[in-house]
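Colleague: Need coordinates for the below:
(4 chains)
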Number of protein chains: 4
Amino acid sequence: MRQTSRSFWFYTLLLLILMSASDIKMQRKKRVIFFGDSITQAGVQPGGYIDLLNTMLKEQKLDGNYELIGAGIGGNKVYDLFLRMDDDVLAKKPDIVVIYVGVNDVWHKQSHGTGTDADKFEKFYAAILAKLKAQNIKTIVCTPAVIGERTDFSNQLDGDLNRYSNIIKNLAKKNEVPVVDLRRDFLAYNLKNNPENKEFGILTSDRVHLNAAGNKLVAESMWKAISQIR
Amino acid sequence: MRQTSRSFWFYTLLLLILMSASDIKMQRKKRVIFFGDSITQAGVQPGGYIDLLNTMLKEQKLDGNYELIGAGIGGNKVYDLFLRMDDDVLAKKPDIVVIYVGVNDVWHKQSHGTGTDADKFEKFYAAILAKLKAQNIKTIVCTPAVIGERTDFSNQLDGDLNRYSNIIKNLAKKNEVPVVDLRRDFLAYNLKNNPENKEFGILTSDRVHLNAAGNKLVAESMWKAISQIR
Amino acid sequence: MRQTSRSFWFYTLLLLILMSASDIKMQRKKRVIFFGDSITQAGVQPGGYIDLLNTMLKEQKLDGNYELIGAGIGGNKVYDLFLRMDDDVLAKKPDIVVIYVGVNDVWHKQSHGTGTDADKFEKFYAAILAKLKAQNIKTIVCTPAVIGERTDFSNQLDGDLNRYSNIIKNLAKKNEVPVVDLRRDFLAYNLKNNPENKEFGILTSDRVHLNAAGNKLVAESMWKAISQIR
Amino acid sequence: MRQTSRSFWFYTLLLLILMSASDIKMQRKKRVIFFGDSITQAGVQPGGYIDLLNTMLKEQKLDGNYELIGAGIGGNKVYDLFLRMDDDVLAKKPDIVVIYVGVNDVWHKQSHGTGTDADKFEKFYAAILAKLKAQNIKTIVCTPAVIGERTDFSNQLDGDLNRYSNIIKNLAKKNEVPVVDLRRDFLAYNLKNNPENKEFGILTSDRVHLNAAGNKLVAESMWKAISQIR
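Modeller: Sure thing, here's the model as predicted:
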């Protein structure tokens, strides 16, 4: 009986150690969901910013530490994210959620008459942040980069992009959430690389959607924020 | 002992009967929530359609059977209802919910660039219906009446009001939910009472918000549907 | 000398008679300018409504009586016609001008935020009519046919199309100018031929621009009005 | 005879001198027309910028040299100016025309769906300049000042205001016409005097229309340009 008992405890302990080890390992593979619109939908394609992030992770031998999931749907605005966040985000138990939304909220005002009022944008954005916080999910927010790459604030929708970016940054401060300020990063890049004040072709292919340089810039800017999260 | 016991049972029984009676009475007082925008927000004011419904209930000595609650907020669109339905509707455990929304979804396309795309309107409306059904709450839906009272379909937003009304009626059919077709009722009334094809002043004070005749028509149309629900 | 003189006068007289006859014939060749937007710009292409009118004229051996000129430019609204009418219409000394405008004035409200207010539409349209009348040019006006072919007035822009058509018809009455009511003709055709309430594919290829059936209908409707003008 | 003749010539000469003097004086009284929208319509009211310019002229004893005429109509866009320039400007034989337009061309895109496309704005603006040049009328152009006074380019329409101002400045350079850069002047003033980044209340009463400080700034900026014209 004692022998049995001894070996029983030995194996039990071993099992616990192994489980614990595997548990630690599982804890360390952080699940990151990128939650957004068509830019994020394209992000998982070869050469897209999420694909580039995966390549970066491999190069740095960190691909064992992160699982990156794209949850972008074309045309989505902030309230579309709110509607589908239970199914597409919370149900997947992420450790980190990167919210990248706002372009359509501004753009569709002009193109379809179906954008989002600034006060409603803030209200829905805050509701998303609150739901993520309630689940102890780490959140990163991004400002909407560009609709047009002119650097003298003469793109039609620059006023609203600046305003909605301010809303996001204020919410981030209030909620102590890191910001990837893509709007600032894109402007800085264009000030250096767009001397002809062109509308597109520097970081976007069509004023909005990312070309290779744009995907690279987004991936790098996001990685700075994601890598900081413990 | 037997006497005591007998009287004990007598009073116990009496109490149970009274409790049961009061319980029946409480069950029969139906809580109705009117869920909508500024039209419904104004509905609880003196002379508003919900106020008129209360008067009608009193006149018919049915005020003991219904409790009417206004849950209208100015400027609300379908997604605003979705955002606040937990707090403003479900938490109040209604028996019946009357949804009256759609005017701003159409109107704000033109006035603010922040209306609701038809496909998104349907998606959010369906999500509200599903949540109410999941709680076994009886639901009544209304079509958006008018933005302008001209009867020859020359009001700027008639096309979309007709389309969004079709969406609501199709959802109602699919969900086996009764429809208060205010758009049809308003047109019929105007065809009789608006021979000069005026934009407002017949049922509305400003093309959208209800005057006395408009509130009366809405109260009557809604009562037909509410009174049918068992 | 007398012989010579006689024959000289004979031939001179003959020449004058012939010249006079050809002159009469030239006078009778009416110059018709079709003044409009992309629909008219496409009208001169093979199969376009102006091309079909030319074919109809040949079949009826009337091609010697009419010269048809397309003056359509894509995206034009009523004020664009006003801006270019000196160069593109008056300078060409037409006998008849067919004005076919209004679709973009309504459509661009929704698609670009750059449509035309109803009162401005009327003001510029009246200014064009006045300038043509001052030159004794016969004018025919057309109502804007469709933006979407649904027959239950559930196309988004039906309200404004009806309203702007009313404006055109009222101006026509006031100025005693014939109307080609394309909007009425297209609706009648669709009520017969569009039982599925489709948005396009009956008379248009894309809700706005004419397919073969649409070009045929426009050519026929216009011919009824043009052929009446003496 | 000689007496008569002498006095005849004396009085004739005197008359000619007086006529010539009055002629010189009439020539020196420059007629200035301010051609614009509601801002200019309000400009002739007591305290309006044209009224202030008149006061400035009196203070500098220059009121004998200038006649200021307001030709502003609320809601006007560039094509409205083009439509009425024969009646409201050219017929009045001005020496100088100050064009102050563009706010509604941008604003009504968002508020009514009836703004002006950038390319059309340029085309009509150029047509106005060409007509004035053909009459040898000196022209001054103004950039549209503000729709919202925030200084961080987060007013909704800043993008288009910057763009349309660029169009005006490019046309001015091409036509060698002086520019009153109100947009630059308003921003400079707000950067000094609007530390709280308020939307209105510094130079405007409602984001667009001028308060006392705004009228003063416009009067001063315009005077710099008008006083330079010989």
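Colleague: Tell me which helix or strand comes right after the worst-scoring helix or strand of chain A on mean pLDDT.
Modeller: Ranked by mean pLDDT, DSSP states H and E, the weakest helix or strand in chain A is helix A:2-28, scoring a mean of 60. For helix A:2-28, the following helix or strand on the C-terminal side (DSSP states H and E) is strand A:30-36.
Colleague: Now do the buried residues in the following helix or strand past that next one.
Modeller: Next helix or strand after strand A:30-36 toward the C-terminus (DSSP H and E): helix A:38-41. By neighbour count with 16 or more other CB atoms under 10 Å in any protein chain shown, helix A:38-41 contains the buried residues A:38, A:39, A:40, A:41. C-beta here means a position set from N, CA and C on the backbone, and glycine is covered the same way.
Colleague: Helix A:38-41 packs against which elements?
Modeller: helix A:49-59, strand A:66-72 (3 or more CB pairs under 8 Å, 6 or more residues apart in numbering or on different chains; DSSP states H and E).
Colleague: Using TSV, please lay out these together with distance to chain C and mean neighbour count.
Modeller: Listed next are these as TSV, based on distance: least, CB to the nearest CB, whole Å; neighbours: other CB atoms under 10 Å in any protein chain shown:
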stretch	distance to chain C	mean neighbour count
helix A:49-59	31	18
strand A:66-72	26	20
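Colleague: can I get these in JSON lines with mean pLDDT and distance to chain D?
Modeller: Converted to JSON lines, the helices and strands packed on helix A:38-41 look like this (pLDDT from 0 to 100; distance: least, CB to the nearest CB, whole Å):
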{"stretch": "helix A:49-59", "mean pLDDT": "98", "distance to chain D": "25"}
{"stretch": "strand A:66-72", "mean pLDDT": "98", "distance to chain D": "25"}
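Colleague: low-scoring stretches of chain A, by residue?
Modeller: Applying pLDDT under 70 to chain A picks out residues A:1-6, A:8-28.
Colleague: where does chain A come near chain D, residue by residue?
Modeller: Proximity of chain A to chain D (CB under 8 Å from any CB of the partner chain) is limited to residues A:109-110, A:113, A:148, A:152-160, A:162-163, A:166.
Colleague: out of the helices and strands packed on helix A:38-41, nearest to chain B?
Modeller: Among the helices and strands packed on helix A:38-41, strand A:66-72 comes nearest to chain B, with 16.6 Å by CB to the nearest CB.
Colleague: just to revisit the earlier point, and of the helices and strands packed on helix A:38-41, who's closest to residue A:144?
Modeller: The minimum distance between residue A:144 and the helices and strands packed on helix A:38-41 falls on strand A:66-72, with 13.4 Å, by CB to CB.
Colleague: which helices and strands sit right next to the closest one?
Modeller: Applying 3+ CB pairs under 8 Å, 6+ apart, one finds that strand A:66-72 contacts strand A:30-36, helix A:38-41, helix A:49-59.
Colleague: Could you tell me the angle between the longest one and strand A:30-36?
Modeller: Which is helix A:49-59. Counting by axes from the mean of the first three to the mean of the last three CA atoms, to 10 degrees, helix A:49-59 lies at 160 degrees to strand A:30-36.
Colleague: can you pull out the strands in chain A?
Modeller: Along chain A, counting by DSSP state E, strands occupy A:30-36, A:66-72, A:96-100, A:138-142, A:179-180.
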